[in-house]
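Enquirer: Any chance you can model this:
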Amino acid sequence: MMSRIPLRPLAYQTDDLALHKAIMQAAQQYLCTRNDNRFANRWATGKMVLLAGICLICYLLSLQQHSAMALFGWYLGFIFSGMLLVINVVHDTSHNAFFRSGWANALAGRVVSIPLGLDPDCWRVRHVIFHHTHTNIAGYDSDIDENGLLRQTPFQRWKPFMRFQHWYWPLIAAFTFPWYIWLVDWLDRIGLTRVTPRMAQRGLRGWTVFLLSKGLHFLLALVIPAYVLSAEFSFFTILIIYLACQMVSSLLFVMLIVGTHWAKSQFFEPPEVGSMPHTWYQHVFATTFDWQARPAWLGYWLGGANLHLTHHLFPNWHHRHYPALSQLIGEVAMRFNLDYQKISLTELLQLQQQFLKQMGVNPKSSQERSLS
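Expert: Down below sits the predicted model:
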C-alpha cells in the first residue's frame, strides 16, 4: 500500500541533447508533414462514442436477460467496454492528450470512467505523477508498491509462498480493479496516501465529485440491475457477476500494462543523495517495452497500450500517433545505439513469467549458491 510520507524529489542525469533533439525533430517533422496535431481527431472521438454506445447497448441488453449465463455475457460486454473506454479515453485525458482543453479532458475522463468505477483523479496522480516520472523505482512508482502477495522487485521482502507467484499472479491481477475501485480510491480521497495532496480537486468540491461518481457507478452497476432483475436473480448473484466481470477486465489490463514493465526486469532503488545514475531516456529504454499487436487492429482497440515505451516517451500525444512514433523511435534508437526492440505478445508473456519466477526464488538461497 502506498505510504502517505512525502517523497524526496528525484532527478536524472542530464540527457543527451543530440538524442533529445533527434527524437523531437522526428516527431515534429511527422506532424508537419501530415499538417496534424498531437491531440485526438474526429476518428478518435468517434471511437469513444462507439465504445460508449456498445457499453450502453450491452448494459441495456443485460437488463433483459433471464438466464445467468446470458446475463454474465452481456454484463461482461458492459464492463469490458467500460475498461476499453478507460484505456482509449481516460488514459489520454489523464495526460491532457485527448482534447486541447484541460477542463474538457477532465470532464470526459470523469464521465467515461463511471461504467468501470475507477476514480480518474486518483488514477491520474498514481499513473502520471508517480508511475511515469519514477517507472520501476522502489518506493516511488505506485504500480510496484509492496503488497505482501507478489514480489515485484529485488528490493521487496520474500515469503515462501511467493515461489508459486508465477502460477497465482493472474488471480492477484484480476482483483486489481475491485481493490482500487472499492478501497484504494477511498484511501486516496480520505488522505491516507501520497496521492491526496496531488489531486486536482480536493476539499468539499473534490468529495462531492468523488461521491457522485462512485454513487453513479454503484447505481448503474448494481442497484438498477438488482431492481430490474429482482424477479430472476438475487442481489448476491448480481454482485458475483459484477465481481467476475471486473476481474476478467482487470486481468487483461494488468497483463498488458503493468506486465510490460515486469518484462524488462530492470528495477532501481532511489539514491540516498543526488540524482539517478542515468538519464531519463536511458531509464525509459531500460524499464519499458513496445510489443507488436497481431492483428494490428488489436493495438488500435487497446488504445496503443502495446506501444508502451512509445507512450512513455510521448505521454502527451494521443495514442493514434503511437504506431508512427514507434517507427521513428526505432530509427533514432538505431542511430544512437539504444536498445529498442518491438517484441511479440508471446515473448512478452514469456518474459513476464520468467521475471515472476525469478522474483519468486528465495534471495537468501540465491546468494548462498553464488557464494559457494
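Enquirer: what sits against the residue nearest the centre of the chain?
Expert: Centroid check for the chain by C-alpha atoms, centre = their mean gives Ile257 as the closest residue, at 5.2 Å. Going by C-beta atoms under 8 Å, 6 or more residues apart in numbering, Ile257 touches Ala305, His308. Using the backbone N, CA and C atoms, a C-beta is placed for each residue, glycine as well.
Enquirer: measure it to Asp143 for me?
Expert: Taking C-beta to C-beta, to the nearest Å as the measure, Ile257 falls 8 Å from Asp143.
Enquirer: Ile87 now?
Expert: 15 Å.
Enquirer: Show me which of these two is the more surrounded one.
Expert: Ile87 (22 against 17; other C-beta atoms under 10 Å).
Enquirer: That one in helix, strand or coil?
Expert: When classified by DSSP: H, G, I helix; E, B strand; the rest coil, Ile87 comes out as helix.
Enquirer: Spatially, and excluding backbone neighbours, which residue is closest to it.
Expert: Gly303 (4.0 Å; C-beta to C-beta, 6 or more residues apart in numbering).
Enquirer: and the one you found, that one's in a helix?
Expert: No. Per three-state DSSP, Gly303 lies outside any helix segment and is coil.
Enquirer: how much space between it and Lys47?
Expert: 9 Å.
Enquirer: Compare neighbour counts for these two and give me the winner.
Expert: Neighbour totals were compared for Gly303 and Lys47, and Gly303 leads with 25 against 19 (other C-beta under 10 Å).
Enquirer: Ramachandran angles for the nearest residue to Phe235 once chain neighbours are set aside?
Expert: Leaving aside its sequence neighbours, Phe235 sits nearest to Ala226 (C-beta to C-beta, 6+ apart; 4.6 Å). Main-chain torsions, Ala226, degrees, to the nearest 10: phi -60, psi -40.
Enquirer: Wait, His131 touches Asp145, no?
Expert: No. When contacts are counted by C-beta atoms under 8 Å, His131 is not listed as touching Asp145 (10.5 Å).
Enquirer: What about Tyr227, how many residues nearby?
Expert: Tyr227 has 12 nearby residues by other C-beta under 10 Å.
Enquirer: shouldn't Thr287 be in contact with Trp262?
Expert: No. Between Thr287 and Trp262 there is no contact under C-beta under 8 Å: 9.9 Å.
Enquirer: Who has more neighbours out of those two?
Expert: Of the pair Thr287 and Trp262, Trp262 is the one with more neighbours under other C-beta under 10 Å, namely 27 against 24.
Enquirer: Provide a list of residues in contact with the more buried one.
Expert: With C-beta under 8 Å, 6+ apart, Trp262 has these contacts: Gln152, Leu351, Gln352, Phe355, Leu356.
Enquirer: Just give the closest residue to Gly102, not the sequence neighbours.
Expert: Nearest to Gly102 is Asn96, by C-beta to C-beta, 6+ apart, at 5.8 Å.
Enquirer: so how far is Trp103 from that neighbour?
Expert: 10 Å.
Enquirer: Who has more neighbours out of the two?
Expert: Higher neighbour count among Asn96 and Trp103: Asn96, with 19 against 8, using other C-beta under 10 Å.
Enquirer: State the pLDDT value of that one.
Expert: For Asn96, the model assigns a pLDDT of 97.
Enquirer: Specify the local secondary structure of it.
Expert: Secondary structure for Asn96, judged by three-state DSSP, is coil.
Enquirer: So it sits against Asn316, correct?
Expert: Yes. Asn96 is within contact range of Asn316, at 6.6 Å (criterion: C-beta under 8 Å).
Enquirer: returning to what we had before: what's the overlap in contacts for Gly303 and Lys47?
Expert: The contact sets of Gly303 and Lys47 overlap at Asn88 (C-beta under 8 Å, 6+ apart).
Enquirer: Count the neighbours of the nearest residue to Leu345 once chain neighbours are set aside for me.
Expert: The shortest distance from Leu345 to any non-neighbouring residue, by C-beta to C-beta, 6+ apart, is to Trp291 (5.8 Å). Residues lying near Trp291 (other C-beta under 10 Å) number 25.
Enquirer: residues in contact with Trp291?
Expert: So Trp291 contacts Thr260, Asn306, Leu307, His308, Lys342, Ile343, Ser344, Leu345, Glu347, Leu348 (C-beta under 8 Å, 6+ apart).
Enquirer: give me the element the first one is part of.
Expert: Thr260 belongs to helix 258-264 when elements are defined using DSSP states H and E.
Enquirer: tell me the secondary structure for Met247?
Expert: Applying three-state DSSP: Met247 is helix.
Enquirer: In this structure it contacts Pro170, no?
Expert: No. Using C-beta under 8 Å, Met247 is not in contact with Pro170, being 9.5 Å away.
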